[in-house]
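Chemist: next come a sequence and a model predicted from it.
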Amino acid sequence: MTAIALMVVLSMAQYASLATTPGPRVIIIGAGMSGISAGKRLSDAGITDLLILEATDHIGGRIHKRNFAGVNVEVGANWVEGVNGGKMNPIWAIVNSTLKLRNFRSDFEYLAQNVYKENGGLYDEEYVQKIIDRANNVEESGEKLSGTLHASGGGDMSILAMQRLYDHQPNGPATPVDMAVDYRKYDFEFAEPPRVTSLQNAVPLPTFSDFGDDVYFVADQRGYESVVYYLAGQYLKSDESSGKIVDPRLKLNKVVSEISYSSAGVTVKTEDNSVYQADYVVVSASLGVLQSDLIQFKPQLPEWKIVAIYQFDMAVYTKISVKFPKKFWPEGKGRQFFLYASSRRGYYVVWQEFEKQYPGANVLLVTVTDEESRRIEQQSDNQTKAEIMEDWRC
């Protein structure tokens, strides 16, 4: 749910003075949310002499729509997280008030009624609710522990270590229902399992503690990317009829391959042999790009920065939309989400029906993450369909 593809912004400002050759003052690499936001911040500060280089044919990065089953669905980010709390989430203000994008509150309150067995049928609601309640109690204990670690300067621990401490299960949640509930609570949010997720940084999650616990699913045919275009349009020239950015300071299909920096400024080279020079460069490429060496830095980045980059995993969050000839699943109040409790953790666990969002489309969404994402993305669509249909037949 969270925009889990971690973005890292690096600046060469500490190495640069005024460039001696003509060019923009600042080059921004990447036109995703972070790159477009960086450009807006610079423009608001009076720095308008900038150039944005984007590797793809569109802005927005992972916030991108695609037509599926006759409707536009989100390939990447889909939710506004952190709503109805003490502070106003700035993204929510744009989505709900400024752009008025169609959105729907995600209701996880009835999950206990909607947990399916591997061999068919539903688990007893009371049994599932007890597991959910226990998981919530353990998480509350983890929040208190996280606060004491921050206050005392104590070392961090994984969420799994916290679960072992308070739930007294040496291997963490182990039954199919325990694993499904645990997956929905953590993996579905962070795209990684509790064993590698920081307690101090994730419990409580600042997004929710600052802005509120509610999350809203964006299902507008204009796409969630409208938010990025709205921000870009505040400082980049756009076509009024199409909404496309036509500002010459944005260059699409520019795959950066090399960044050279010195006290004289920066030089950026792209795969099509274009060369751009500036005083500064802001790199908003994803962590995965930075770890892949697709961009060569000359000289190499400082060791402390390289260590910081490689200390993180590039989380993988895969959304699979499945269209069926007809609807066969329950719908209505309390049926928005359902879980498949497999004995194999993370195996096609979280499902969502879309009758309100996309009426008549007969589409379900299933989310996989981490190792299951990597496995599924290596196989054919037909193999994935076969796995999904085998589960549904059960």
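Modeler: Sure, I can see it.

Chemist: CA atoms for contacts and neighbours, from now on please.
Modeler: Will do.

Chemist: in the stretch 51-200 of the chain, which spans are helices?
Modeler: Ranges of helices in the stretch 51-200 of the chain, per DSSP state H, counting those that start in this stretch, are 90-92, 125-152, 159-167, 176-182, 188-190, 199-202.

Chemist: tell me which of those helices lies nearest to Lys40.
Modeler: Lys40 lies closest, by Cα to Cα, to one member of these: helix 90-92, at 14.4 Å.

Chemist: could you say what helices and strands that closest one packs with?
Modeler: strand 79-83 (3 or more Cα pairs under 8 Å, 6 or more residues apart in numbering; DSSP states H and E).

Chemist: show the average pLDDT along the strand it packs on.
Modeler: Strand 79-83 shows an average pLDDT of 98 in the prediction.

Chemist: and that strand, C-alpha only, in CSV?
Modeler: Output of strand 79-83 as CSV, limited to C-alpha atoms (Å, rounded to 0.1, in the frame of the first residue of the first chain):
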residue,chain,number,x,y,z
TRP,A,79,-3.8,4.5,-2.0
VAL,A,80,-3.7,7.8,-0.1
GLU,A,81,-2.4,6.7,3.3
GLY,A,82,-3.0,8.7,6.4
VAL,A,83,-6.4,10.4,6.4
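
Chemist: coming back round to it: tell me the most buried of the helices of the stretch 51-200 of the chain?
Modeler: Here the criterion is mean neighbour count by mean count of other Cα atoms under 10 Å, and of those the winner is helix 176-182, at a mean of 23.

Chemist: which outside residues touch that one?
Modeler: Here helix 176-182 makes contact (Cα atoms under 8 Å, 6 or more residues apart in numbering) with 115, 128, 131-132, 135, 173, 339-346, 349.

Chemist: over to stretch 69-77?
Modeler: With Cα under 8 Å, 6+ apart as the contact definition, stretch 69-77 has outside contacts at 1-3, 62-67, 219-224, 319, 323, 358, 361, 363.

Chemist: measure it end to end?
Modeler: One end of stretch 69-77 to the other measures 19 Å (Cα to Cα, to the nearest Å).

Chemist: cool, stretch 99-108 as well?
Modeler: End-to-end distance for stretch 99-108: 26 Å, by Cα to Cα.

Chemist: in it, what's buried?
Modeler: Using 16 or more other Cα atoms under 10 Å as the test for burial, stretch 99-108 gives Leu101, Arg102, Asn103.

Chemist: my read: the last one touches Phe217, true?
Modeler: Yes: under the criterion of Cα atoms under 8 Å, Asn103 makes contact with Phe217 at 5.3 Å.

Chemist: low pLDDT regions in the stretch 1-150 of the chain?
Modeler: Low-confidence segments of the stretch 1-150 of the chain, defined by pLDDT under 70: 1-22.

Chemist: restricted to strands, list the contacts of helix 176-182.
Modeler: Per DSSP state E, strands hold the following members of those: Val115, Leu339, Tyr340.

Chemist: partner residues bridging the closest residue to Arg105 other than its chain neighbours?
Modeler: Leaving aside its chain neighbours, Arg105 sits nearest to Tyr216 (4.3 Å; criterion: Cα to Cα, 6 or more residues apart in numbering). Listed by DSSP bridges, the beta-bridge partners for Tyr216 are Val80, Arg105.

Chemist: now do the contacts for the nearest residue to Met162 once chain neighbours are set aside.
Modeler: Among residues not flanking Met162 along the chain, Gly142 sits closest, at 6.2 Å (Cα to Cα, 6+ apart). Contacts for Gly142 (Cα under 8 Å, 6+ apart) come out as Ile159, Met162, Gln163, Tyr166, Leu199, Val203.

Chemist: if we use 10 Å, what do you get?
Modeler: Asn136, Thr148, Ile159, Ala161, Met162, Gln163, Leu165, Tyr166, Leu199, Gln200, Val203, Pro204 (Cα atoms under 10 Å, 6 or more residues apart in numbering).

Chemist: wait, doesn't the third one sit right on Phe190?
Modeler: Spelled out, it's Ile159. No: Ile159 is beyond contact range of Phe190, at 11.6 Å (criterion: Cα atoms under 10 Å).

Chemist: now do the shared contacts for these two.
Modeler: Thr197, Ala202.

Chemist: could you export the ones in strands among the contacts of helix 176-182 as JSON lines, including neighbour count and distance to Gly39?
Modeler: JSON lines is the format used below for those (neighbours: other Cα atoms under 10 Å; distance: Cα to Cα, whole Å):
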{"residue": "Val115", "neighbour count": "24", "distance to Gly39": "45"}
{"residue": "Leu339", "neighbour count": "24", "distance to Gly39": "41"}
{"residue": "Tyr340", "neighbour count": "24", "distance to Gly39": "43"}
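
Chemist: adding distance to Tyr186, write those out as a markdown table.
Modeler: Below are the ones in strands among the contacts of helix 176-182 laid out as a markdown table (distance: Cα to Cα, whole Å):
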| residue | distance to Tyr186 |
| --- | --- |
| Val115 | 17 |
| Leu339 | 14 |
| Tyr340 | 16 |
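
Chemist: which among these gets closest to Asn89?
Modeler: Nearest to Asn89 among the ones in strands among the contacts of helix 176-182 is Leu339, at 28.9 Å by Cα to Cα.

Chemist: hey, what's that closest one bridged with?
Modeler: Assigned bridge partners for Leu339, using DSSP bridges, are Val115, Val350.

Chemist: with Thr318 instead?
Modeler: Applying DSSP bridges, one finds that Thr318 bridges with Val368.

Chemist: how many neighbours does it have?
Modeler: Counted by other Cα atoms under 10 Å, the residues lying close to Thr318 total 18.

Chemist: no further questions, thank you.
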